[in-house]
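> need a structure here:
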Amino acid sequence: MLFVTRFVRMFAYGFLSVLLALYLAQLGLSDAKIGLLLSLTLFGDIGVSLLLTTTADRFGRRRTLVIGAALMFLAGIVFALANNFVVLLIAATIGIISPGGNEVGPFLSVEQAGLSHVIPDHRRTHVFGWYNLVGSLATALGALVSGSVTQVIQNAGVPALDSYRVVVWGYAGAGAVLGLLFLWLSKAIEVTPNANSAAQMAGVRVFLGLHRSKGVVVKLSALFSLDAFAGGFVIQSIVAYWFHLRFGVQPVMLGAIFFGANVLAAVSALAAASLASRIGLVNTMVFTHLPSNVLLILVPLMPNVHLAILMLLLRFSVSQMDVPTRQSYVMAVVEPDERSAAAGVTAVARSVGAAIAPSLSTMLLASSMLMAMPFFIGGGLKIIYDLLLYRNFSALKSKMADTSI
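Reported below is the predicted structural model:
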């Protein structure tokens, strides 16, 4: 069931993200307002995610997921009906909207904790690999369907704005379906009373749902925030918008590009588990991420659209191998009753980092001389993150995490 909910959600994210910036532009928003809206969408996710994930193990993981689906549904409804910037801003801040085709809200953290609760430790990275494969394929399919649907509708004479609005309505519908699916989840994903009370019995102070693992989670969160800040310069909506501005790429082609990109990302995520079993979780995270960042920097340096697409696809072919390994690593270094909180705190840290960058990125896109800078800044900062991660956690992996691959 968690694999099904992952598919529905990521399809919706991919469905919306490719055309979100174009939709907002059609509503009459300036590049600066689009960037601000995308950033505040991510900022709103910070508060929602922190509140829901740090209490999920006590409040109930299934209830938390249902609330998240309701926020996703309501945000989609408002975006489909409103064209006022302030109203959209409020909906983006309170609701759950994914501008980058990536996970937002409490879903990923709580689902990871639930999966870790019902599978053996030695299978965690492999299951997370398949879990991410499903998500990447769903995002790819959503991007492809989104571009194709809007192109067909526009060819029938429907204005571009109305064709994009169909996609937004589809996103809202996916939120409703997701809520129904979460209601059917088994109680097996919930924390058992014994595990939940272990820290309290030991007298350890609990902060944001964390006890013994606070120090490790804080360090990881700081590094993940840097990585996400770098990634925020090149989220899927912005890269799609860049291709549209730089080369005049139309929606149907954008959908095809990101379909291929996310399929490659899916395959890379699945391959990560096998690689991690040989060289370790941290080594896999770092040694696959470094070349993907070099490829990211090369995208805007290409002289034509075909080579730019090739660099982007090559980048996606290795860029997601750190995702299941990162997720498994976090689950491995914390206690069972900290998993939702640890995943939530690290996810929030990523959201904090990612929230600032889109507004800066769209400001750079507004200048023809600076259009390449989001790729340079994003790729350069990601390389710094990789080096810091290896320096700080290459030793910890051998003591704590490698036994749980």
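
> every contact and neighbour count from this point should use C-alpha atoms.
Fine.

> quick check: residue 253 touching residue 147?
Yes: using Cα atoms under 8 Å, residue 253 makes contact with residue 147 at a distance of 7.1 Å.

> compare these two (neighbour count), which wins?
Neighbour comparison, residue 253 and residue 147: the larger count goes to residue 147, with 26 against 17 (by other Cα atoms under 10 Å).

> if I look at that one, what pLDDT would I see?
pLDDT, residue 147: 83.

> which SS class is it?
helix (DSSP: H, G, I helix; E, B strand; the rest coil).

> hmm, residue 258 and it touching each other?
No: contact criterion Cα under 8 Å: residue 147 and residue 258 do not qualify, at 9.7 Å.

> overlap of the contact sets of those two?
Shared contacts of residue 147 and residue 258, defined by Cα atoms under 8 Å, 6 or more residues apart in numbering, comprise residue 18.

> next, count neighbours for the residue nearest to residue 93 when sequence neighbours are not counted.
Leaving out its chain neighbours, the residue that sits closest to residue 93 by Cα to Cα, 6 or more residues apart in numbering is residue 44, at 3.9 Å. Neighbouring residues of residue 44 were enumerated by other Cα under 10 Å; the total is 24.

> roughly how far does residue 44 sit from residue 244?
Between residue 44 and residue 244 the distance is 27 Å, computed by Cα to Cα, to the nearest Å.

> which residues touch residue 1?
By Cα under 8 Å, 6+ apart, the contact set of residue 1 is 181, 185.

> and it, how close does it get to residue 126?
Counting by Cα to Cα, the gap from residue 1 to residue 126 is 17 Å.

> how about residue 286?
Taken as Cα to Cα, the span from residue 286 to residue 126 is 18 Å.

> compare the two and say which is more crowded by neighbours.
Taking neighbours as other Cα under 10 Å, residue 286 and residue 126 compare with residue 126 leading, 23 against 20.

> wouldn't that one be in contact with residue 269 here?
No: checked against Cα under 8 Å, the pair residue 126 and residue 269 is beyond contact range at 9.6 Å.

> for residue 234, helix, strand, or coil?
At residue 234, secondary structure determined by three-state DSSP is coil.

> neighbours around it, how many?
Around residue 234 there are 26 other residues, counting by other Cα under 10 Å.

> what's near enough to touch it?
358, 361, 374, 375, 378.

> what confidence value was assigned to the second one?
Model confidence at residue 361, expressed as pLDDT, equals 89.

> separation between it and residue 79?
22 Å.

> and those two? which has more neighbours close in?
Between residue 361 and residue 79, counting by other Cα under 10 Å, residue 361 is the more crowded of the two (27 against 23).

> circling back to that earlier point, quick one: the residue nearest to residue 93 and residue 92 touch, right?
Yes: under the criterion of Cα under 8 Å, residue 44 makes contact with residue 92 at 6.8 Å.

> so which residue is dead centre in this structure?
Nearest to the mean C-alpha position of the chain, counting by Cα atoms, centre = their mean, stands residue 102 at 2.6 Å.

> ok, and the closest non-adjacent residue to that residue?
Leaving aside its sequence neighbours, residue 102 sits nearest to residue 13 (Cα to Cα, 6+ apart; 6.8 Å).

> residues in contact with the one you found?
By Cα under 8 Å, 6+ apart, the contact list for residue 13 reads 97, 98, 99, 100, 101, 102, 103, 139, 142, 171.

> helix or strand for it, just tell me which one.
Following DSSP states H and E, one finds residue 13 within helix 2-26.
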